[in-house]
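In: Structure of the sequence below:
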Amino acid sequence: MREKWIEQQLVKAVKDIGGIALKIASPGFDGMPDRLILLPDKKIAFVEVKAPGKTLRPLQEKRKRQLESLGFLVFCLDHIEQIGGILHEIQAS
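Out: Have a look, this model is predicted:
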């Protein structure tokens with residue numbers, strides 16, 4: 001299973017519940033997560049999509065900590081089975 005396919009499944013799942021999964025491009029600020037998830041009722045989170053079994057690089061870990069210190073939810077997604085739980089956690093926040 002490839003990272004791209006996992007990302008496509010995330011985008012579809014977000015759309016299915018009425019949200020938007022924006023692709024993030026941050027020139028000059030490397031290490032940002034791949035997707036900004038916007039859900040109804042002002043729910044916002046960041047998701048880094050990885051191939052199965054892959055983990056965040058050190059700079060991505062740093063960005064995750066920075067975003068979390070600002071109060072944002074940040075997830076690392078590497079299996080499609082995680083999508084439902086991630087979206088549930090965002091909705092419950």
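In: I86 in helix, strand or coil?
Out: helix (DSSP: H, G, I helix; E, B strand; the rest coil).
In: From E48, how far out is it?
Out: Taking CB to CB, to the nearest Å as the measure, I86 falls 11 Å from E48. To be clear about C-beta, it is placed using only N, CA and C from the backbone, and glycine gets the same treatment.
In: Just want to know which of the two has more residues nearby.
Out: Per other CB atoms under 10 Å, whichever of I86 and E48 has more neighbours is E48, with 23 against 19.
In: What residues are bridge-paired with the residue nearest in space to the middle of the chain?
Out: Centre of the chain computed as the mean C-alpha position; nearest residue by CA atoms, centre = their mean is V47, 1.0 Å away. Per DSSP bridges, the residues bridged to V47 are R35, F75.
In: wait, it sits on F75?
Out: Yes. Look at V47 against F75 with CB atoms under 8 Å: they come within range, at 4.9 Å.
In: Any chance you could list residues touching both of those two?
Out: I86 (CB atoms under 8 Å, 6 or more residues apart in numbering).
In: before we move on, back to that, joint contacts of I86 and E48?
Out: 75, 77.
In: Identify, by residue count, the longest helix of the protein.
Out: helix 3-16 (DSSP state H).
In: can you list contacts of that helix?
Out: 20-21, 34-35, 37, 39, 47, 49-52, 54, 77-80, 83-84, 87.
In: Can I get the helix or strand harbouring E89 in CSV? Just the C-alpha atoms.
Out: Under the criterion of DSSP states H and E, E89 resides in helix 83-92. Output in CSV follows, covering the C-alpha atoms of helix 83-92 (Å, rounded to 0.1, in the frame of the first residue of the first chain):
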residue,chain,number,x,y,z
ILE,A,83,-8.5,7.2,9.3
GLY,A,84,-11.8,6.6,11.2
GLY,A,85,-10.2,7.0,14.6
ILE,A,86,-8.3,10.2,13.6
LEU,A,87,-11.5,11.8,12.2
HIS,A,88,-13.4,10.8,15.3
GLU,A,89,-10.8,12.4,17.5
ILE,A,90,-10.9,15.6,15.5
GLN,A,91,-14.7,15.7,15.7
ALA,A,92,-14.6,15.1,19.4
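In: could you say what helices and strands that helix packs with?
Out: helix 3-16, strand 35-39, strand 43-49, strand 73-77 (3 or more CB pairs under 8 Å, 6 or more residues apart in numbering; DSSP states H and E).
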